[in-house]
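Participant: Sharing a sequence plus its predicted fold:
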Amino acid sequence: MATLTGARVTVAGAGALGLCIALELARGGSEVTVRDPAAPGDNASGVAAGMLAPAFETALDATSADHLDLLLAARDLWPELAERVGIGLDRSGAAYHGEHIGAVAARLKALGAAAGIYGDRVYTREDWRLSPRPALAALRSAAEACGVRFEQARAEAPGDGALLVLATGAERRGLAPELALLEPIKGHILRLSGGPDIGPVIRGDGVYIVPDAAGASVGASMERGVDDRVVDAARVAALREAAKALLPELADLEVRAETGVRAATPDGLPMVGRSAAPGVLLAVGARRNGWLLAPLVAQVVAAYVAGDDPGPFAARLDPRRFDRQQG
Ligand SMILES: Cc1cc2nc3c(=O)[nH]c(=O)nc-3n(C[C@H](O)[C@H](O)[C@H](O)COP(=O)(O)OP(=O)(O)OC[C@H]3O[C@@H](n4cnc5c(N)ncnc54)[C@H](O)[C@@H]3O)c2cc1C
């Protein structure tokens, strides 16, 4: 853990990234204030499915294909954090059940992810999950217990030698020029009145079902360039159909739809590091893996604040990689 005694830091945003960062900074000795105008959990982190899924995210999503090492390293930070703050981790794994079983199994093998074909499914234990809203509450409690202050307000530009960490999700205006690089990706997710309550996440082609005792979730649409949170009946119907094709017994269940907006950088990895704006650090653009990546992002940010080595993944996450690409 980085030692940060005396640093005064404002963290903008109380999603998974902001809360993990605030906790990490406060544990290291920083004086931390989190500012967020939204109600707790009313953000992408609260809406998410909560999968910590290095294997299938790299096998099924081309954007993450080259980053299994980074995603596994992030996942492996979760057991210690979850134990410390009281977040339940479900390690039942995940199973793909779709048209491309052979290809998906081969892809996982080529990537080096442990997986096998069992009947008509490809199964891996590499992917875990958590329940997002209880996890947000646990992170906030743990942060408060470490002295973090929370203010329900927008963050302002840093002054007075303080640092500002932007963990503002899909916000694209204001406090740092790099935010303009972010693309919003709206997602619909369905909460079912029943469905599988335990066992692996079930992955299909363009759909997944996350078992939960309180009702399974079905996700998620990827609507590039859209940043409203309006529920679209056609998207809900499409997700229902896809889930029904995967598990016909879901057909008659009641559904409640929620939406959230993810933020994506041009290469799909977050921007974590120094902004061109003075006194500002960035922790944005985690796309569809914000929960998975949050503890790793927090460690990298804490290292920058302390002036320590930010570790082996910092270069891949450095916001300046986009300057280099342009020039
Ligand atoms: C449907 C769906 C399913 C998903 N499933 C998964 C999954 O299974 N696993 C996974 O790892 N990821 C998943 N994701 C992605 C994940 O939700 C995001 O990557 C993650 O939540 C991003 O967290 P964040 O803290 O960066 O942003 P957010 O959770 O969006 O939080 C940002 C916060 O910043 C606040 N804010 C904005 N502007 C300001 C300002 N100026 N000052 C102060 N505060 C500000 C906002 O109010 C907000 O509360 C999913 C996303 C969606 C939409």
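Facilitator: Done, it's in. Residues are numbered from 1 along each chain as shown.

Participant: Check whether the residue of the stretch 201-327 of the chain found nearest the ligand sits in a helix, strand or coil.
Facilitator: In the stretch 201-327 of the chain, no residue comes nearer to the ligand than residue 290, which is 2.2 Å away by CB to the nearest ligand atom. Quick note: C-beta positions are derived from backbone N, CA and C, even for glycine. Local secondary structure at residue 290 is given as helix here, using DSSP: H, G, I helix; E, B strand; the rest coil.

Participant: does residue 31 really touch residue 22, like I thought?
Facilitator: No. Judged on CB atoms under 8 Å, residue 31 makes no contact with residue 22 at a distance of 11.0 Å.

Participant: Pretty sure the residue of the stretch 201-327 of the chain closest to the ligand sits against residue 262.
Facilitator: Yes. Counting by CB under 8 Å, residue 290 touches residue 262, with 7.3 Å between them.

Participant: and for these two, which residues touch both?
Facilitator: Counting by CB atoms under 8 Å, 6 or more residues apart in numbering, the shared contacts of residue 290 and residue 262 are residue 44.

Participant: Can you get me a residue count around whatever residue of the stretch 101-250 of the chain ends up closest to the ligand?
Facilitator: Residue nearest to the ligand within the stretch 101-250 of the chain: residue 169 (2.6 Å; CB to the nearest ligand atom). Counted with other CB atoms under 10 Å, the neighbours of residue 169 add up to 29.

Participant: list the contacts for it?
Facilitator: 13, 15, 17, 43, 44, 45, 261, 262, 263, 284.

Participant: repeat for residue 184
Facilitator: 170, 172, 224, 225, 226, 227, 261, 262, 263, 264.

Participant: and the stretch 51-200 of the chain, which of its residues are near the ligand?
Facilitator: Counting by CB under 6 Å from any ligand atom, the stretch 51-200 of the chain comes close to the ligand at 51, 154, 155, 167, 168, 169, 170, 171, 174, 187, 189.

Participant: who wins for most neighbours among those?
Facilitator: residue 167 leads those on contacts (other CB under 10 Å) with 33 neighbours.

Participant: State the pLDDT value of the residue of the stretch 101-250 of the chain closest to the ligand.
Facilitator: As predicted, residue 169 sits at a pLDDT of 98.

Participant: re earlier: which ones among the contacts of residue 184 are found in strands?
Facilitator: Secondary structure from DSSP state E places 224, 261, 262, 263, 264 of the contacts of residue 184 in strands.

Participant: Right, I'll call it a day here.
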